[in-house]
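J.: Could you work out the structure for the sequence below:
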Amino acid sequence: MPDHIVRAYDDELADLKTMLAQMGGLAEQQLDGAIDALIRRDTALADRVIAADVKIDALERQLEEKAILTIAKRQPMALDLREIMVAIRVSSDLERIGDLAKNTAKRTHAISDALPRKLITGLTRMGRLAQEELKNILDAYAQADAEKALAVWRSDEELDALYNSIFRELLTYMMEDPRNIGLCTHLLFGAKNMERIGDHATNIAENVYYLVHGKTIAEERPKKDQTSVMHIESRKGA
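T.: Model prediction:
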């Protein structure tokens, strides 16, 4: 293959990575803004997060179009093909993370009452864990570091465990006083969004591992979300 064609192909792959880096940076900003908006009940910040989501959506469309065109022109094989396919998959997860951040920010408009301190602490902790997972997996992708990706993949258990705790706490608040149902429902959706962001980070981790090794992770994915089978008892009379 002539040198100029090889260079052009390398440039196309580099462009995909650059676009993913831009998407990752925007997703981090969106998540950070959504968490702050929800905790502080900052509707102006929430509106900025909601409006900015179109940037991630546009980048995903551009990346997918470029990736498809590159496959059609270059007919890549082996590692080159894996790089392109993984780029498409990662961009899809980042777009979903942006959507989840936007949906979390939207909850801010429905919350008028001050949040109990315990809930603020739990939600803030959950948001920071989700941010940490996202940052670490973006670093793992940029460095093609399968071990770092595995560490993120395994760390999602902590986020799930915290979601279980917040879920239990919110349901207890609702059972003790029906006036809390509206507030707690919106917070529950916000917490679930953060838990799902962790799931998308683990998706990216699996794709980074596949990119490096050409095979899937042999272990079963760690998943500790027990909310579908959780038994809740009211504190009344305790």
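
J.: Residue 124 and residue 110, how far apart?
T.: Residue 124 sits 19 Å away from residue 110, going by CB to CB, to the nearest Å. All C-beta atoms are positioned from the backbone trio N, CA, C, and that covers glycine.

J.: An error on my part: the question was meant for residue 10.
T.: From residue 10 to residue 110 the distance is 49 Å (CB to CB).

J.: now residue 15
T.: Following CB to CB, the distance that separates residue 15 from residue 110 is 40 Å.

J.: quick one, what contacts residue 122?
T.: Residue 122 makes contact with 162, 165, 166, 169, 191 under the criterion CB atoms under 8 Å, 6 or more residues apart in numbering.

J.: Which residue ranges of the chain form helices?
T.: Remark: helices assigned in the chain by DSSP state H are 3-40, 43-74, 78-107, 117-143, 146-176, 181-213.

J.: Include mean pLDDT when you put these into CSV, please.
T.: Listed next are these as CSV, based on pLDDT from 0 to 100:
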stretch, mean pLDDT
helix 3-40, 87
helix 43-74, 94
helix 78-107, 94
helix 117-143, 93
helix 146-176, 93
helix 181-213, 94
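
J.: Tabulate the ones you listed in CSV, adding columns for distance to residue 219.
T.: Shown next, in CSV, are the helices of the chain (distance: least, CB to CB, whole Å):
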stretch, distance to residue 219
helix 3-40, 25
helix 43-74, 29
helix 78-107, 19
helix 117-143, 17
helix 146-176, 8
helix 181-213, 10
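
J.: what's the closest of the ones you listed to residue 220?
T.: Of all the helices of the chain, helix 146-176 sits nearest to residue 220, with 11.1 Å by CB to CB.

J.: Output the contacting helices and strands for that closest one.
T.: helix 117-143, helix 181-213 (3 or more CB pairs under 8 Å, 6 or more residues apart in numbering; DSSP states H and E).

J.: list the helices and strands the longest one packs on?
T.: Think helix 181-213. Right, helix 181-213 is packed against helix 3-40, helix 78-107, helix 117-143, helix 146-176 by 3+ CB pairs under 8 Å, 6+ apart.

J.: With respect to burial, which of the ones you listed scores highest?
T.: helix 78-107 (a mean of 21; mean count of other CB atoms under 10 Å).

J.: could you say what helices and strands that helix packs with?
T.: The helices and strands touching helix 78-107, judged by 3+ CB pairs under 8 Å, 6+ apart, are helix 3-40, helix 43-74, helix 181-213.
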